[in-house]
Each structure stands twice: as C-alpha cells, then as structure tokens.
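Asks: next one to model:
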Amino acid sequence: MAEALPELPMAETVMVRLMRIGVFGLGNFFEPVFRELGLTENSFHVLCLLMAGDQGRASPSELSELVGTTRANMTRILDSLVNDGLASRAIEARDGRRHVIRITTAGCKVASEAGPRLVEPLKRAFSGLDADELASLDRLLRKAIVSFDKGATPLRVAA
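Replies: Have a look, this model is predicted:
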C-alpha cells in the first residue's frame, strides 16, 4: 500500500485499519452472547445508559451520541426496545418536538440479568492483556478519541 499510495501516512492508515479490525472482531465475539440474551450490543448499551441516567431517562439524540450510532439507527434500536416493552417513549411536556426514552421495569430486569452473563465473555475477550496493558490501552484509546474530536473541527481555508 505504501508503494501504491506513497502520500498516505502509513502509521495512521494502519492504525485506522487495526481499530476497524478490532471493532469488527469485538462485534463477532459478542454477537452470539447478545443473541442468546435476546438483545443486540447497542440495545444492551442503551438499556445500561438508561439505567445509569438521570431518572432512567434520556433523549434519543443523547443516546445516539453516547452509543456512537446514527440517529436513524438509534430510532430502530429504540423502536425494538419499545416494542419489546423494555423502554417507553413519550413526548417531553415542555417541548413537543423532543422525545424522552425511559427504561421500564422489564428493561431494568433484562439489563440486570444480562450483566452477570457478560462477565466471563468480557474477561475472555481481554484475557491476552495484563492489568497494566489494559490500563495503557484504556488511556491510549481515550486519548485517540479526544484527538478524533479535536480533528473533527473543520479547518479554515486561508483566503
């Protein structure tokens, strides 16, 4: 690739590829676990965020940002959770354009029951890393995410 596209910074290009492979691998690793629980990874993440959130509620846009998915995909996730009785959707009393998503008692139960079943797969997923390596990976990924956010600022074109 370096010969075919010499202007491309290889270290950064390889890093993007490694991160994509890692995300794909995690998805494949956890998909059977979540399927057995009757959830998707994103729907479980939404339930966890709602449980941890202010009064078990959040807006769809907040959830979309926190899960890291598009608003259209979040709508599909929320539709599924609402249809399954794990969450409810209501219109905000003070702003008729804003929806509020709340976790239901059934949603709390499903998320709580899923937690213990994820312990072993989570530990197995990162079993190749010791505590120091896991801490370093955490620190570096957080630093990369901040870099992504800063890099997303549009560059000003010089006049």
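
Asks: just the element for residue 74, please.
Replies: Under the criterion of DSSP states H and E, residue 74 resides in helix 71-83.

Asks: so how far is that helix from its chain's centroid?
Replies: 14 Å (C-alpha atoms, centre = their mean, to the nearest Å).

Asks: do stretch 47-65 as well
Replies: On C-alpha atoms, centre = their mean, the centre of stretch 47-65 falls 12 Å from that of its chain.

Asks: which other helices and strands contact the longest helix belonging to the chain?
Replies: Longest helix in the chain, counting residues (DSSP state H): helix 10-37. Counting contacts by 3 or more C-beta pairs under 8 Å, 6 or more residues apart in numbering; DSSP states H and E, helix 10-37 packs against helix 41-52, helix 105-125. Bear in mind the C-beta positions are built from the backbone N, C-alpha and C, glycine included.

Asks: select, out of the ones you listed, the one closest to residue 34.
Replies: Proximity to residue 34, assessed across the helices and strands packed on helix 10-37 by C-beta to C-beta, is greatest for helix 41-52 (5.3 Å).

Asks: could I get the buried residue list for the closest one?
Replies: 42-50 (16 or more other C-beta atoms under 10 Å).

Asks: could you do stretch 64-74 as well?
Replies: 64, 66-67, 69, 74.

Asks: who does the next helix-or-strand element following the helix holding residue 74 pair up with?
Replies: Under the assignment DSSP H and E, the closest C-terminal helix or strand after helix 71-83 is strand 87-91. Paired strands of strand 87-91, with direction, are strand 99-103 (antiparallel) (DSSP bridges).

Asks: dump the strand it pairs with to CSV, restricted to CA.
Replies: Output of strand 99-103 as CSV, limited to C-alpha atoms (Å, rounded to 0.1, in the frame of the first residue of the first chain):
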residue,chain,number,x,y,z
HIS,A,99,-39.0,12.7,22.9
VAL,A,100,-37.9,11.1,26.2
ILE,A,101,-37.0,7.5,26.4
ARG,A,102,-37.4,5.7,29.8
ILE,A,103,-36.3,2.3,30.8
